[in-house]
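Participant: output the structure for:
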Amino acid sequence: MRVVVDLTRCQGYGQCVFLAPDVFTMHEEALLYDLQPADEQREHVLRAAAACPVQAIHLDRTAYPTPTAETGPAKAGSDGRIVIVGASLAGARAAEVLRREGFTGSLTMIGDERREPYDRPPLSKQVLTGQVPPEHTLLPRIREVGAEWLCGTPATGLDLARKHVRLADGREIAFDRVLLATGTRARPWPNEAEAALEGVHTLRDARDAARLRQALAAGPRRVLILGAGFTGSEIASVCRELDLPVTVVERGPAPLGNAMGGVIGDVAARLQREHGVDLRCDTTVTALEGDADGRLRGARLSDGGTVEADVAVVALGSVRNVEWLRDSGLAAGVWGVTCDAGCRAVDTNGLVTDDVFVAGDIARFPHPLYQYQFMTLEHWGNAVAQAEIAAHNMVSDQAHRWPHLAVPVFWSSQFGVNIKSVGVPTFADEIVITQGSTAERRFVAVYGYQGRITAAVTFDQAMWLEFFQRQIERAVPFPPDFRHVGRRADDGVPVPAQVPERLVATAGATVVVTGHDPAERRASLVHPE
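Facilitator: This next block holds a predicted model:
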């Protein structure tokens, strides 16, 4: 039996903890659970799933005693050959939805890892603490998708004219429609010799988590974390939970600032320091240093200081896996793969394709709620929602296709606090605390842009997230002026959100337009060497 909880929906009611305490635990509002509980827990887990008020607990078919066949209505695109490149969360979810939507044709899944699709958020939480082994993070098999699985052999090219996906072993897989969901990888330390030192880690997949877990369990003298985004902060939290000394080095003025702005970043900084983290902001690591045996022994910092450490975790963001699409004719680059709101890929001429779709971390799409600006969202909830939209549209005609309009939702559990956000916090110019207190680490912060609500962040106040999602969808005026439970006596005073400037990728390709007659005008990408 496999279990996964959609933590974007979970509101911390805790019924699952009462009904299956050996599977689910809760620290304040942060839910932790065993993704692959023992068989004797089956009845308890079934009761917990049934009792969840927001139906956030998902189980695979083996959890139920008498599974029944499920068939969807036949559609115009219910046959043919569909290939999904990327066999992780988005790809696996898309395969399930395709079958639910009535697709009966050939379905092929291509992935670079040999194991079944698994859940990544537990890798920086339960796996590192030892609560859950890496092999217990497999995603539930909600339905038998009847797909051909080509795992362990990555895709190396896409031929749009011939409708083939090229694999690393030389094979070519034909398709009528293809979904691109290759996700991201951890950004490595740029100095290859320093990155190869024993004790230097990144965290992206299950193998990374297993190696880092082993390194932490060995009791290092100090752990050095490069980057105080969500991954780096969660790892720092685990280190303190394991009573390990940890130093976090962050280029910006505060942790989480790039995602949530300086106001929340200052709260996160105080939270880390209160839990014993040696936090160094406005600082970078200039070099990692090793001993004569090739083992990490420390780092030099930009402020002239040094840190002694025998484990370092490079948490400097991610790189989108799009290199294999370089000569495909798609608008793909460091920014991701451009697509429309229906997940249809855009080619280098800016034309929307009808047989190539994109979902998950690599999808760069326009969001109507945010002035149609193109954005990529590396969120669990976005991967699931976008995969469902892409799968539906792959088997639907033009009149019945759906736009991807889901409001982004994100969560993180660190230092005993459940942090959640809805909307895009960095698309804001002001912020106001509407409930609770930042000093007590239990509050709701609402973001506004040009007089309307655009996002909200909660610390141990997850029940408010759905309410503010509706306010964002309705473009309710900012600052909030409605009566509500927990309203602050002073109503809160909006202050600048201190969000970072919107970054524009500068390392991408140059667009060159050729031809003179309108019938021959074409755009192509010239990549830097």
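
Participant: going forward, measure contacts between C-alpha atoms and count neighbours the same way
Facilitator: Noted.

Participant: could you list the low-pLDDT ranges of the stretch 251-400 of the chain?
Facilitator: Nowhere does the stretch 251-400 of the chain drop to pLDDT under 70.

Participant: same deal with the stretch 51-200 of the chain?
Facilitator: 61-76, 141-144.

Participant: now the helices: where do they sit in it?
Facilitator: For the stretch 51-200 of the chain, the helices defined by DSSP state H, counting those that start in this stretch occupy 89-100, 126-129, 192-195.

Participant: check those for me and report the most buried one.
Facilitator: Of all the helices of the stretch 51-200 of the chain, helix 89-100 carries the top mean neighbour count, a mean of 24, counting by mean count of other Cα atoms under 10 Å.

Participant: which elements pack onto that helix?
Facilitator: On a contact count with 3 or more Cα pairs under 8 Å, 6 or more residues apart in numbering; DSSP states H and E, helix 89-100 meets strand 81-85, helix 380-394.

Participant: so what's Gly290 up against?
Facilitator: With contact taken as Cα atoms under 8 Å, 6 or more residues apart in numbering, Gly290 is in contact with 194, 197, 296-298.

Participant: rerun at 7 Å
Facilitator: 197, 296-298 (Cα atoms under 7 Å, 6 or more residues apart in numbering).

Participant: and for Thr129?
Facilitator: So Thr129 contacts Val238 (Cα under 7 Å, 6+ apart).

Participant: repeat the analysis, applying 10 Å as the threshold.
Facilitator: Counting by Cα atoms under 10 Å, 6 or more residues apart in numbering, Thr129 touches 122-123, 213, 216-217, 235, 237-239, 241-242.

Participant: hmm, back to that, so can I have TSV of the helices and strands packed on helix 89-100 showing distance to Leu279?
Facilitator: Shown next, in TSV, are the helices and strands packed on helix 89-100 (distance: least, Cα to Cα, whole Å):
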stretch	distance to Leu279
strand 81-85	40
helix 380-394	27
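
Participant: tabulate these (a markdown table), appending mean neighbour count and distance to Arg177.
Facilitator: Listed next are the helices and strands packed on helix 89-100 as a markdown table, based on neighbours: other Cα atoms under 10 Å; distance: least, Cα to Cα, whole Å:
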| stretch | mean neighbour count | distance to Arg177 |
| --- | --- | --- |
| strand 81-85 | 24 | 5 |
| helix 380-394 | 25 | 7 |
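
Participant: what's the closest of those to Asp354?
Facilitator: In terms of Cα to Cα, the element of the helices and strands packed on helix 89-100 nearest to Asp354 is helix 380-394, at 8.5 Å.

Participant: would you state the strands of the stretch 151-300 of the chain in chain order?
Facilitator: Under the criterion DSSP state E, counting those that start in this stretch, the stretch 151-300 of the chain contains strands at 155-159, 164-167, 172-174, 177-180, 184-186, 200-201, 223-226, 246-249, 278-280, 285-290, 296-301.

Participant: now the nearest residue to Leu296 once chain neighbours are set aside: how far from Asp429?
Facilitator: Spatial nearest neighbour of Leu296, excluding adjacent residues (Cα to Cα, 6 or more residues apart in numbering): Gly290 at 4.2 Å. Distance check for Gly290 against Asp429: by Cα to Cα, to the nearest Å, it reads 44 Å.

Participant: please apply the same query to Gly305.
Facilitator: 35 Å.

Participant: ok, Ala228 touching Leu256?
Facilitator: Yes - with contact defined as Cα atoms under 10 Å, Ala228 reaches Leu256; the gap is 6.3 Å.

Participant: more neighbours: which of the two?
Facilitator: Between Ala228 and Leu256, counted using other Cα atoms under 10 Å, the more crowded position is Ala228 (30 against 25).

Participant: show me what contacts the more buried one?
Facilitator: 234-236, 248-252, 254-258, 265, 268-269, 279-281, 315-317.

Participant: switch the cut-off to 6 Å
Facilitator: By Cα atoms under 6 Å, 6 or more residues apart in numbering, the contact list for Ala228 reads 250, 255.

Participant: phi and psi next, for it.
Facilitator: Main-chain dihedrals, Ala228, degrees, to the nearest 10: phi -120, psi 40.

Participant: and what of Tyr372?
Facilitator: phi 60, psi 20.

Participant: state the distance from it to Asp205.
Facilitator: For Tyr372, the distance to Asp205 - Cα to Cα - is 32 Å.

Participant: these two: which is more packed in?
Facilitator: Neighbour comparison, Tyr372 and Asp205: the larger count goes to Asp205, with 18 against 11 (by other Cα under 10 Å).

Participant: leaving out sequence neighbours, find the closest residue to the more buried one.
Facilitator: Arg120 (7.0 Å).

Participant: can you count the residues close to Glu172?
Facilitator: Neighbours of Glu172 under the rule other Cα under 10 Å: 17.

Participant: if I read this right, it contacts Arg166, doesn't it?
Facilitator: Yes - contact criterion Cα atoms under 6 Å: Glu172 and Arg166 qualify, at 4.5 Å.

Participant: next, count neighbours for the closest residue to Ala259 other than its chain neighbours.
Facilitator: In space, and not counting its chain neighbours, Ala259 is closest to Thr426: 6.3 Å by Cα to Cα, 6+ apart. When neighbours are defined as other Cα under 10 Å, Thr426 has 23 of them.

Participant: shift numbering so it begins at 181
Facilitator: Let's use 181 as the start, then, which means that last one is Thr606.

Participant: so what sits opposite Ala636 in the bridge?
Facilitator: Taking DSSP bridges as the rule, Ala636 bridges to Val602, Val626.

Participant: what residues does it make contact with?
Facilitator: Contact analysis of Ala636 by Cα under 6 Å, 6+ apart lists 601-602, 625-627.

Participant: before we move on, the earlier item: please convert the helices of the stretch 231-380 of the chain to a markdown table, extending it with distance to Leu705.
Facilitator: A markdown table is the format used below for the helices of the stretch 231-380 of the chain (distance: least, Cα to Cα, whole Å):
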| stretch | distance to Leu705 |
| --- | --- |
| helix 269-280 | 27 |
| helix 306-309 | 42 |
| helix 372-375 | 29 |
